[in-house]
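In: structural data only, the sequence is not supplied:
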Ligand SMILES: CC(=O)N[C@H]1[C@@H](OP(=O)(O)OP(=O)(O)OC[C@H]2O[C@@H](n3ccc(=O)[nH]c3=O)[C@H](O)[C@@H]2O)O[C@H](CO)[C@@H](O)[C@@H]1O
Ligand SMILES: C=C(OP(=O)(O)O)C(=O)O
């Protein structure tokens, strides 16, 4: 168990460079097993999810090497192994091995994924997609057994009953080497989906429409990597540092961002009265603004991301009045609330609405990071107190925040990780 120790009260200033997007990376690594050649990525974030995915690759005899943001995955000696448990349970995105193995071998046995405690996360749309491509799906002993018939997978028209990032990518992975054309309707439009499609297309896949509600995939026989794929910057990590900069910065430059990916988030910062300067690939927040309370409703991209509803809380705490958040994607994503209350944050959740009021008496406490963004938001509040906070289960922050201690220290924060193992 790792603990994060934060001695709060210091204003933050300086520069932070955003890493590659976690939610791209965790799909790109499983996608790499579809290739008939080694695959190279750069701008890979140093996060626990990457290390856990490398363990899963190892179980399949896929060698991988990670060094200073460069990751090589060599699937040329891959073995068709079932993946019932172990590291599969350590992250949500292990479900991408269902689509990737199905695309590669026409069958997959993958344990139900683990991941964040943010309420129910069914995978019915993933399964609906695999079935539409002609696979048989059996759920047994905490694993999903997916098998295509002797003819292999066949392209199909699939209408998603709801917009799902994971189901869109999983179906894409299964369809990319299937026979014929697959059309995903009501597809998710997140930038990470475009990133996966770009990676696959550069290896010879034929995917059109990624980033729109209709994606067309013409199956191909083989995928071969010729270039290094550079992963897009993490818009959620960027939003987290921008929130911190607005809440307690005195001049923070957030570098390596695709500003368009942050449109809905930046619109809300503006509405709160936060001033910032948008440059070509960086955003500068001078800090010290009077904050106005606002209302936020999360929705699929390009709407306000659910993954930023907790991180923006730090700014809302400073507002003179009540801010409200409705998380339509994960109404039960509220595990940060009791922890924040103990730190003196005036926050409550009732009838699906999270209410946050100005909180000036913040204190350091021992708190628990139940999931990644709850952890990030607790870290932000900890930095705003004048005391010492201990965040237990800091692994949940390290799951998705690249070099977080180093980046925070560079901004003059006093943060360290201690290992209790
Ligand atoms: C690794 C990764 O990329 N994780 C992101 C991904 O998760 P993930 O891909 O798991 O989230 P989805 O987009 O699938 O979920 C959206 C909504 O659809 C529901 N649903 C989803 C699939 C399904 O088969 N049935 C169903 O009912 C979910 O419970 C949720 O309410 O998108 C979420 C929503 O932007 C983000 O919070 C996560 O950070
Ligand atoms: C919910 C998240 O991640 P995951 O889907 O990997 O659990 C997140 O990144 O906020």
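Out: Received the coordinates, thanks. Note that the structure is a prediction, hence the values are computed from the model and not measured. Ligands and ions are numbered 1, 2, ... in the order given.
In: check which helix or strand the residue of the chain found nearest ligand 1 maps to.
Out: Ligand 1 sits closest to residue 166 of the chain, with a gap of 2.8 Å, by C-beta to the nearest ligand atom. In this view, the C-beta of every residue, glycine as well, is placed from N, C-alpha and C. According to DSSP states H and E, residue 166 maps onto helix 165-175.
In: how about the helix or strand just after that helix: buried residues?
Out: Using DSSP H and E, the helix or strand that follows helix 165-175 towards the C-terminus is strand 181-185. Neighbour-count burial for strand 181-185, counted by 16 or more other C-beta atoms under 10 Å, picks out 182, 183, 184.
In: quick check: pLDDT value at the closest residue to residue 201 other than its chain neighbours.
Out: In space, and not counting its chain neighbours, residue 201 is closest to residue 207: 5.6 Å by C-beta to C-beta, 6 or more residues apart in numbering. Residue 207 carries a pLDDT score of 98 in this model.
In: what's the neighbour count on the residue of the chain closest to ligand 1?
Out: 23 (other C-beta atoms under 10 Å).
In: and for residue 67?
Out: 8.
In: got the phi/psi numbers for it?
Out: phi -150, psi 120 (degrees, to the nearest 10).
In: which element follows the host helix or strand of residue 103 toward the C-terminus?
Out: For residue 103, the enclosing helix or strand under DSSP H and E is helix 96-105. Later in the chain than helix 96-105, the nearest helix or strand by DSSP H and E is strand 107-111.
In: residues contacting that next one, please?
Out: Outside strand 107-111, the residues within contact range by C-beta atoms under 8 Å, 6 or more residues apart in numbering are 80, 82-85, 88-89, 94-95, 97-102, 142-148.
In: let me know the angle separating that strand from helix 165-175.
Out: For strand 107-111 against helix 165-175, the angle by axes from the mean of the first three to the mean of the last three C-alpha atoms, to 10 degrees is 150 degrees.
In: list the buried ones in strand 107-111?
Out: Those would be 108, 109, 110, 111, for strand 107-111 by 16+ other C-beta under 10 Å.
In: then stretch 160-178?
Out: 160, 163-178.
In: same check on stretch 314-330?
Out: For stretch 314-330, by 16+ other C-beta under 10 Å, it's 314, 315, 316, 317, 318, 319, 323, 325, 327, 329, 330.
In: same question, stretch 39-53
Out: In stretch 39-53, counting by 16+ other C-beta under 10 Å, buried: 39-41, 43-50, 52-53.
In: can you list the domain ranges for this protein.
Out: Domains of the chain are assigned by automatic domain parsing as 2-19+233-419, 22-230.
In: residue 158 belongs to a strand?
Out: Yes: assessed by DSSP: H, G, I helix; E, B strand; the rest coil, residue 158 belongs to a strand.
In: still on that earlier bit, quick one, what contacts the residue of the chain closest to ligand 1?
Out: 92, 93, 95, 96, 123, 126.
In: what do you get for residue 319?
Out: 272, 291, 292, 293, 294, 356, 358.
In: what do you get if the cut-off is 6 Å, keeping everything else the same?
Out: By C-beta atoms under 6 Å, 6 or more residues apart in numbering, the contact set of residue 319 is 291, 293, 358.
In: for ChimeraX, write the selection for the buried entries among those residues.
Out: In ChimeraX syntax, the buried subset of these is picked out as below (16+ other C-beta under 10 Å):
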select :291,293,358
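In: residues near residue 1, how many?
Out: 10.
In: is it true that it touches residue 420?
Out: Yes: with contacts counted by C-beta atoms under 6 Å, residue 1 reaches residue 420, the gap being 4.8 Å.
In: helix, strand, or coil at the most far-flung residue of the chain relative to its centre?
Out: Centroid-distance maximum for the chain: residue 150 at 35.7 Å, with C-alpha atoms, centre = their mean. Local secondary structure at residue 150 is given as coil here, using three-state DSSP.
In: for it, what are phi and psi?
Out: phi -60, psi -30.
In: what pLDDT does it get?
Out: Predicted confidence (pLDDT) for residue 150: 85.
In: how near is it to residue 98?
Out: 20 Å (C-beta to C-beta, to the nearest Å).
In: same question for residue 4.
Out: From residue 4 to residue 98 the distance is 33 Å (C-beta to C-beta).
In: how about the residue nearest to residue 403 when sequence neighbours are not counted, secondary structure?
Out: Using C-beta to C-beta, 6+ apart and skipping the chain neighbours, the partner closest in space to residue 403 is residue 46 (5.7 Å). Classification of residue 46 using three-state DSSP returns coil.
In: hey, where'd the strands end up in the stretch 101-250 of the chain?
Out: 107-111, 135-140, 143-148, 157-159, 181-185, 206-208, 214-218, 228-230, 249-255 (DSSP state E, counting those that start in this stretch).
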